[in-house]
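S.K.: sharing a sequence plus its predicted fold:
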Amino acid sequence: MIFKFAARENIKSDTIDALKAYLHDADGIGWKELFPHHSPVRVEATHPFARINAAKIAGQAEPAGLFPSVTVSVTSETDAEQLLAFSNQVATVTEAIIQGWIGLEAHQRLLSKARLQQLLAAAQGKGGQVFAEVKTRHFTQQVAFSVWSENDAVSDSLYYATKAFIEQNLETFSDAGMENLALSGSPNGIYSVDTGRVLYGGELMLSGTNRTEAYYIDTEWTQSTVIKHSAANNDIQNVDWNP
């Protein structure tokens with residue numbers, strides 16, 4: 001049985017969850033106490049302006065609680081090398097690894113749970129492990145944090161709170177695969193009057209290099225046959241054993 005899939009971190013979703021906790025959880029910065037007369041910060045992937053425009057087109061009232069907000073989005077991904085350039089490894093995929101994949105949320109998986117169950121059954125029938133050829137490719141990635149508020153002071157504070165979150169969680173972004181991190185931003189001077197009142201904005205951009213791993217698993221492979229397969233299809237110098 002053959003399985004082909006790619007694995008990578010869902011950095012947008014994970015970042016949204018972590019930033020919400022940083023702002024609002026009991027062990028976070030206590031945003032509600034800092035700004036008790038303002039709504040909680042809305043942290044999501046959909047820009048508030050998109051929600052306003054959608055409501056307007058539908059003839060509905062503007063949704064409540066849109067501001068203050070931080071919109072997190074992956075705005076750019078650019079291949080850092082030629083499409084056919086990659087590093088190649090041969091790896092052992094154990095029952096524990098597959099169980100970990102099965103336990104991920106749907107948006108974090110690039111192989112269905114049913115197919116992963118098939119892979120798990122195959123590994124259990126092969127002594128608890130199967131062997132994979134893994135191709136790793138790198139690309140540059142930019143994660144944008146768009147801050148908006150109806151109050152200038154709130155916008156400023158939210159910008160710097162978001163910046164502090166990023167700086168305090170660089171290891172988390174590194175664990176998600178991002179390397180060579182750089183942070184830039186515009187704390188103020190961004191405005192919008194499209195909604196009939198002044199909205200104050202700020203922008204942060206986290207840039208870095210990330211990676212994706214493409215798995216090719218043949219459940220009939222042994223350790224020696226997968227190495228031979230990888231060596232036959234790639235420069236033997238670039239084939240590593242990763243037990």
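M.R.: Cool, got the structure. Since the structure is predicted, the reported quantities are computational estimates derived from the model, not experimental observations.
S.K.: how about the strands in the chain?
M.R.: 2-7, 42-44, 69-79, 87-94, 129-149, 179-192, 199-218, 239-242 (DSSP state E).
S.K.: CA atoms only: put the biggest helix by length in the chain into CSV for me.
M.R.: Taking DSSP state H as the assignment, the helix of the chain that covers the most residues is helix 152-168. The C-alpha atoms that make up helix 152-168 are tabulated as CSV, following Å, rounded to 0.1, in the frame of the first residue of the first chain:
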residue,chain,number,x,y,z
ASP,A,152,-6.0,55.6,18.6
ALA,A,153,-4.6,54.8,22.1
VAL,A,154,-6.1,51.3,22.0
SER,A,155,-4.6,50.7,18.6
ASP,A,156,-1.2,51.7,19.8
SER,A,157,-1.4,49.5,22.9
LEU,A,158,-2.7,46.5,20.9
TYR,A,159,0.1,47.0,18.3
TYR,A,160,2.8,46.8,21.0
ALA,A,161,1.0,44.0,22.9
THR,A,162,1.0,42.0,19.6
LYS,A,163,4.7,42.8,19.0
ALA,A,164,5.5,41.7,22.5
PHE,A,165,3.6,38.4,21.9
ILE,A,166,5.7,37.7,18.7
GLU,A,167,9.0,38.6,20.4
GLN,A,168,8.2,36.4,23.4
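S.K.: packing partners of that helix?
M.R.: Here helix 152-168 touches helix 11-24, strand 129-149, strand 179-192, strand 199-218, going by 3 or more CB pairs under 8 Å, 6 or more residues apart in numbering; DSSP states H and E. Every C-beta, even on glycine, is put in place using the N, C-alpha and C of the backbone.
S.K.: on that earlier part again, let's have the strands of the chain in JSON lines, adding mean neighbour count.
M.R.: Converted to JSON lines, the strands of the chain look like this (neighbours: other CB atoms under 10 Å):
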{"stretch": "strand 2-7", "mean neighbour count": "14"}
{"stretch": "strand 42-44", "mean neighbour count": "19"}
{"stretch": "strand 69-79", "mean neighbour count": "16"}
{"stretch": "strand 87-94", "mean neighbour count": "18"}
{"stretch": "strand 129-149", "mean neighbour count": "21"}
{"stretch": "strand 179-192", "mean neighbour count": "13"}
{"stretch": "strand 199-218", "mean neighbour count": "19"}
{"stretch": "strand 239-242", "mean neighbour count": "14"}
